[in-house]
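**Q** just the structure for this:
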Amino acid sequence: MKRLEKDSKKNIMIIGWYGTETLGDRAILDGILYLLNKIYPKAHVSVGSLKPFFTERTLYEDRDLYAQTAPQISIDIFDVRDLRQLRREVRKSDIVMMGGGPLMDIDEMYIIKDAFCYAKRKRKKTMLLGCGYGPLNRPDCISCCKKILQNSDVSIFRDEFSRDYAMKICQRDNIIYLPDPAIFSVLQYKELHRKKNANYIAVNVREYANVYGEQNFSYISELIRNLNKLDKKIILVPMHSFFWGGDDREFFIKILDEYQMKNVEYVHQPLSLEELYELYMNAEGCVGMRYHSILIQTILNGRNIVIDYSGKDGKIQGFFAQYDKKHFYYDKMVDAGNYRKFDWHTNLLTEESFDFVLSKEYEKEYIERIKE
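**A** Numbers count the residues shown, from 1 in each chain. As a prediction, this is how the structure comes out:
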């Protein structure tokens, strides 16, 4: 009993893209807390944030959900950009992990690299937990990613596509695939709540010019106009409500200013994670574009259309390759090549819904990987 008590009080440092977190990142954190609670129910978690004031806000908004997931785990925040704070938290920690999000072409990758290199010098356990891969094309960021992988004791990617790409730049046996931790958060919510059917369609679209290529505003706005023809209430749902990283609401306003659509409205107030789950679960149907909007809609609703902007080897295709073995979503994906031919009524307003199933073995393997 004493050994369990000692082990449960682990100090765990989580870094990543917190400070710019989307609701998807917040679902990842809730999923990580879910897993940690199975092993170290009295752990202390330090979240490294690029903008601590923003993470303080999002943790406050999600406090009730986190209290259900991990009631005795304590959480605090530090400024991951401050090298002295970063190294202090590494020295205090038993485990240093990057908690989800992609390894990609941004300068902040060097913060992850520096943390992992320092952690290994201090003989701390290091982990990538539920990460994605890419877009990663800059030679310096590829080199940085390789260094992170070399200094990670276990690197868990959220889909097989990401794992395979990571293996191309760093051949190591400890680079594996396990489900996105956000899935555990969403499944727990689904288990605890009943669906209340409501007469609206919940839609997430995003602006993606910075990293994923040239923004096609007319393409996205035309999708919304086509949806509007269904004569249903359309609610545009932001997955991100902060200017750094692309506030979805700003994009919604541009669309609604350009085109007057009587049945379309958007959620202005920033949502908590629970409020987001409720919106997606109870909708008559959903449309998703940001990766985690798609993940959450697929699990909680199952009557959803997918807007794929990440390409045939991207994160969205990687998700469905893993969980849609019967190709339910084959005719429920929209891309720039076929959106004008897409039949929204037939493919969205249907009685048929996707039944997401996840083997309990994945949870067990996560627990073993974190403990080992």
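
**Q** surely residue 298 touches residue 304?
**A** Yes. Counting by CB atoms under 8 Å, residue 298 does reach residue 304; the two are 6.0 Å apart. For glycine as for every other residue, the C-beta is placed from the backbone atoms N, C-alpha and C.

**Q** what's the overlap in contacts for the two?
**A** Contact criterion CB atoms under 8 Å, 6 or more residues apart in numbering; residues bridging residue 298 and residue 304 by contacting each: 288, 354.

**Q** how many neighbours does residue 192 have?
**A** Per other CB atoms under 10 Å, the neighbour tally for residue 192 reads 8.

**Q** do the one 3 residues further on as well
**A** As a burial measure, residue 195 scores 13 neighbours (other CB under 10 Å).

**Q** where does it land in three-state SS?
**A** Counting by DSSP: H, G, I helix; E, B strand; the rest coil, the backbone at residue 195 sits in coil.

**Q** for it, what are its contacts?
**A** Residue 195 neighbours (CB under 8 Å, 6+ apart): 281, 282.

**Q** could you do the one 10 residues further on as well?
**A** Contacts for residue 205 were tallied using CB under 8 Å, 6+ apart; they are 220, 223, 224, 236, 248, 251, 252, 255, 287, 289, 307.

**Q** did I read that right, it in a strand?
**A** No. Under three-state DSSP, residue 205 falls outside any strand and is assigned coil.

**Q** what's the pLDDT at it?
**A** Residue 205 is assigned a pLDDT of 87 by the prediction.

**Q** and it, how far is that from residue 84?
**A** The spacing between residue 205 and residue 84, counted by CB to CB, to the nearest Å, is 41 Å.

**Q** same thing with residue 288?
**A** 40 Å.

**Q** can you check residue 249 too?
**A** 36 Å.

**Q** of the two, who's got more company?
**A** residue 249 (19 against 8).

**Q** now the longest helix seen in the chain: buried residues?
**A** As assigned by DSSP state H, the longest helix anywhere in the chain is helix 23-39. For helix 23-39, a neighbour-count test (16 or more other CB atoms under 10 Å) marks 23-37 as buried.

**Q** now do stretch 65-82
**A** Residues 65, 66, 69, 70, 73, 75, 77, 78, 79, 80 are the ones in stretch 65-82 that count as buried (16+ other CB under 10 Å).

**Q** gap between that stretch and the chain center?
**A** Chain-centre distance of stretch 65-82: 17 Å, with CA atoms, centre = their mean, to the nearest Å.
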